[in-house]
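Novice: Quick one: sequence and predicted model below, then my questions.
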Amino acid sequence: MGGKVLVFGGLRGSAEPRPVPLGDLVVLDPATLEVERVVSGGGGPALSHHGSVPLHDRWLLVVGGWDGRRRLSALHAYDLAGAGGWARLEEEEGGGSRAPHAGLSGHTCTKVSDREGGVRTQRRFASLDTLHVDAAARRYWRNPPNPGRSDEPKGNGRGLIERLSSLIASGSASPRTPRALRHHSMTLVGPFAVLDGGECFNKASDTVCNDLFIYDTRTAGGRWYQLSGTDSEMKRVGHRVLVVGENLCLIGGRGPDGTSCSPEIYTLEINT
């Protein structure tokens, strides 16, 4: 966001059976790999396994997560402008379904449009909510998910879109739908949604994945494609994949054994 990488919450590498989630927000400059600032506390949440998404290059929106005792459905926003700070968002009455929110953890949030403030929340077994967010007014409302196109990147990211398109056109990415996953990462790259890693539900062992899936929205109904990972050391769960310039960068998460934490930042090579 604003050319910076924001890292919020998570868990320390700990042998404790119930480690306490973190409430720190770290601002990292990807060009120098230097930490610009660290925001601790300030009335904000302390969470792991949450979903987050930037809004209007100003707010970091955090949805759900695990607070060490239970799964939450609350929305929080951190304002990077001016005095900034954390604020909890309140649901506006009359804004769609009033059914109680389910607590969420290990889900993903994907910004659909800055103009409408839409955020899609993917829960277990791929159920969807659409959230419309007004962070300045500290409010949000819900309605059933509607199909839509994401905003095209302005400047940076166009070369990455072309490389993903070439993977599909060349047959390097094969048609395949992902299995039920949790603690994966999903990010939007123009007309593509890129899903990486996660923990697979339908396997008894070796459940941490390193596959990369591409969801192509350029055709009606959309279509999934898969790139199978060849490096078993890059299996990740609870990580994040971000668009930084013309590259996809992987940060954090647990490794192939599902327990060891990884502090490194990697750039994902896409060879077409």
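Specialist: Arrived safely, thanks for sending.

Novice: Quick check: which ranges of the protein have low pLDDT?
Specialist: Residue ranges of the chain with pLDDT under 70: 13-17, 41-42, 93-101, 112-129, 143-156, 202-204, 272.

Novice: Domain parsing of it, as residue ranges.
Specialist: Per the record, the chain has its domains at 1-106, 149-272, by automatic domain parsing.

Novice: Distance to A135 for these - can I get that in TSV?
Specialist: Where C-beta positions appear, they are placed from N, C-alpha and C, glycine not excepted. As requested, the domains of the chain are exported to TSV (distance: least, CB to CB, whole Å):
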stretch	distance to A135
domain 1-106	4
domain 149-272	17
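
Novice: For A136, which of those domains is the nearest?
Specialist: Within those, the stretch nearest A136 is domain 1-106; the backing value is 8.2 Å (CB to CB).

Novice: picking that back up, which one, of the domains of the chain, ends up nearest to Y140?
Specialist: Using CB to CB, the nearest of the domains of the chain to Y140 is domain 1-106, at 5.1 Å.

Novice: tally of neighbours for L268?
Specialist: Counted by other CB atoms under 10 Å, the residues lying close to L268 total 15.

Novice: Next, the contact list for it, please.
Specialist: When contacts are counted by CB atoms under 8 Å, 6 or more residues apart in numbering, L268 touches 196, 212, 241, 247-250.

Novice: Which of the residues you listed fall in strands?
Specialist: 196, 212, 241, 247-250 (DSSP state E).

Novice: With respect to M234, which of those is nearest?
Specialist: Nearest to M234, judged by CB to CB, of the ones in strands among the contacts of L268 is L250 at 7.6 Å.

Novice: Setting the sequence-adjacent residues aside, check what's closest to that closest one.
Specialist: Sequence neighbours aside, Y266 is the residue nearest to L250 in space, at 4.5 Å (criterion: CB to CB, 6 or more residues apart in numbering).

Novice: re earlier: can you say which of the domains of the chain is nearest to L131?
Specialist: Using CB to CB, the domains of the chain put domain 1-106 closest to L131, at 7.3 Å.

Novice: And the closest one, end to end?
Specialist: Start and end residues of domain 1-106 are separated by 22 Å (CA to CA, to the nearest Å).

Novice: do the same with stretch 180-196
Specialist: Stretch 180-196: ends 13 Å apart by CA to CA.

Novice: gap between that stretch and the chain center?
Specialist: 7 Å (CA atoms, centre = their mean, to the nearest Å).

Novice: For that stretch, which residues meet the burial criterion?
Specialist: By 16 or more other CB atoms under 10 Å, the buried positions in stretch 180-196 come out as 181-196.
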